[in-house]
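Visitor: sequence first, predicted coordinates after that:
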Amino acid sequence: MGMTDPIIETSGLTREFRVRDTSTGSVQRALKRRTLVAVDELSVRVGPGEAVGYIGANGAGKSTTIKMLTGILVPTRGSVTTCGLRPVQDRRRLARQVGVVFGQRSQLWWDLPVRESFRILAAIHDLSATAEQERTDELVERLEMAEFLGTPVRQLSLGQRMRAEVAAALLHSPRLVILDEPTIGLDVLSKQRLREFLVAERRTHGTTLLLTTHDMGDVERLCDRILVIDRGRLAYDGDLLGLSRTVGAERVLVVDLAEATEDLTGITATRHLASEGHGLRQRLAFDAETTTAARVLAAVSERAEVLDLTVEEPDIEDVVRRIYAARR
Amino acid sequence: MRATIRVYWRLLVAGFRRQSAYLMAAFGGLVANTTFGLLKVAVLFATVRAAGGELEGYDVALMSTYIWVSQGLLGSVNLFGRIDIADRIKDGDVAVDFLRPLDVQAAAITTEVGRSLFNLIPRGIPSVLIGGLVVGMALPDHPTAYLLGAVSIVLGITVSAATVYLMVAAPGFWLVETRGLQILYMVVSGFLAGLFVPIWIFPTWLEVVAQATPFPSMLMYPVDIISGRVDVSGALLLLAVQLAWLAGVGAVGQALTRAGRRHLEVQGG
């Protein structure tokens, strides 16, 4: 396949599940099955080198989509090709081109040292001795894994384990990397490191990224395109700026002031949300489209002395909620 | 082909090394094996003596060999019905296995065989040595018995792993809970594999039933070969039977895996 052929292409992709209704105690109802549409007519195209954030509430259909893209789950209807292959039929060929990190599942050998997992995976992907050595060295250095390479996986901290998981998924230099909640439970520093690594990996190898996350930081720092899924349907496809524009999500400036101040109302394109400690700390919501944090801060500084400040980003749950609300 | 050998060799070594992390458990197993071995000595020696010193070709020395070799193989031949892949299918981790360019069945069986081979070191060999030293046993008079016996043991271990995969793990693609199958396997396999008494002293009808299952291929036949109870041509015949069972059990397991994958609805995230 050529360089411009899509890495992911789905058309009318649908997956239904037959589920038993156990919501009531009634035996008759429990015996009846109803159809749950997890992914509904999803048509999407992702080109090589793109970095796509796939977001939505729990149960919106994210995992089901990923399972169909990778050939673990057979679609009910519609078509899907990943790296130009049919995922279910060409599972083993596709596995050589895709790397998947499940935040909740491990692909490492629990009771063996980390190094040993890499050696097994290198054999599984039939890397040559040189390629194995070079790639392992590269990943060990970039993900700072040297200190725990000889440690059995079961003894790793969560941050260490996630780095090892990512390395394991990327050892064979896949064209497409799918990350399902890669930063879940990580501390700020570990998240930061992982994101930097993924950015660098994409830059040097042209890797296509698809990640599901509940973390706005992941989306902002890693993705140039966002797909929002709502009850199995595509609800948004575009960039982050457009997403904030669509939902009108506001950023919030929190200022700590030198002395008690009246509520800071009446600043252009800004809404006063709350004051604490007789106005020593105030929260101001502003629309990132029409003003900037700097302008708001300048306006505040005219009225009071600012000691400290933070800017709060809209969180993914909030953005998703707004999109969902607008569709209902 | 070289690539395939490399992968499965790595998985075999991985299984072997993983098991080496549980050395204390293995020694615990050895103590249990030896205890039950002595119990079997008491019961089966008495049976042979009551039969006039010979029972279906077994004298006391040959019975001793049967007892200690079968006890030694207990840590390696899977007669318990537990296998990692069954848990992985149940909790959805099998998704990770399907995301590798591997045959999931072959990979699972290879890893299991690796673990079993390791157990020959802390459990298999010491068990035979202890039995030989404490009770004494008959040894085969032709050296090929050892060679063919070693091949037969590896085959027996592999047949057991493949059968557990087929009977306990693969049904997990359809059933939520396979513990019942595991218990059923455990109850039936030991008996029909000839763990408690050699199947040759079963009543004829039961002997026929046993031979219609893969279980004697796991334990009885390897013991027959390595103890010298059968001659070379007999040994080759038993090896052929083992191979046939491995092929059959493997083929059905492969078919179930293919069908199961299409049925798979991985639970949770």
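Guide: Cool, the structure landed.
Visitor: residues near A:P113, how many?
Guide: 18 (other CB atoms under 10 Å in any protein chain shown). All C-beta spots, glycine's among them, are computed from the backbone N, C-alpha and C.
Visitor: that one contacts A:T151, doesn't it?
Guide: Yes - counting by CB atoms under 8 Å, A:P113 touches A:T151, with 6.2 Å between them.
Visitor: any idea how far chain B is from A:L13?
Guide: As judged by CB to the nearest CB, to the nearest Å, A:L13 and chain B stand 16 Å apart.
Visitor: now that residue: how far from A:D230?
Guide: 15 Å (CB to CB, to the nearest Å).
Visitor: comparing those two, which shows the higher neighbour count?
Guide: Remark: of A:L13 and A:D230, A:L13 carries more neighbours, 23 against 19, as counted by other CB under 10 Å.
Visitor: surely A:E9 is within a strand?
Guide: Yes - counting by DSSP: H, G, I helix; E, B strand; the rest coil, A:E9 is part of a strand.
Visitor: what about the helices in the stretch 51-200 of chain A?
Guide: A:62-70, A:91-95, A:114-124, A:129-142, A:158-170, A:188-205 (DSSP state H, counting those that start in this stretch).
Visitor: per-residue pLDDT, the residue of the stretch 151-300 of chain A found nearest chain B?
Guide: The nearest approach of the stretch 151-300 of chain A to chain B comes at A:D180, 6.7 Å away (CB to the nearest CB). The per-residue pLDDT reported for A:D180 equals 90.
Visitor: and B:G234, by the same measure?
Guide: For B:G234, the pLDDT comes out at 95.
Visitor: could you do A:M1 as well?
Guide: 48.
Visitor: could you do the one 4 residues further on as well?
Guide: According to the predicted model, the pLDDT of A:D5 comes to 88.
Visitor: equivalent analysis for A:S11, please.
Guide: Reading off the model, A:S11 has pLDDT 96.
Visitor: is it true that it touches A:S43?
Guide: Yes - taking contacts as CB under 8 Å, A:S11 lies within contact range of A:S43: 5.0 Å.
Visitor: buried set for stretch B:220-229?
Guide: Neighbour-count burial for stretch B:220-229 flags B:M220, B:Y221, B:P222, B:V223, B:D224, B:I225, B:I226, B:S227, B:G228, B:R229 (criterion: 16 or more other CB atoms under 10 Å in any protein chain shown).
Visitor: and residue 56, how many residues sit next to it?
Guide: No chain specified, so I'll use chain A. 25.
Visitor: actually chain B
Guide: B:E56: 12 neighbours (other CB under 10 Å).
Visitor: for it, give its distance to A:R193.
Guide: 69 Å.
Visitor: grab the nearest non-local neighbour of A:L179.
Guide: Among residues not flanking A:L179 along the chain, A:L211 sits closest, at 4.1 Å (CB to CB, 6 or more residues apart in numbering or on different chains).
Visitor: mind listing what the residue of the stretch 151-300 of chain A closest to chain B touches?
Guide: Applying CB atoms under 8 Å, 6 or more residues apart in numbering or on different chains to A:D180 gives the contacts A:K62, A:S63, A:I66, A:V100, A:V101, A:F102, A:G103, A:Q104, A:L211, A:T212, B:G269.
Visitor: so what's the first one scoring on pLDDT?
Guide: The predicted structure scores A:K62 at 90 on the pLDDT scale.
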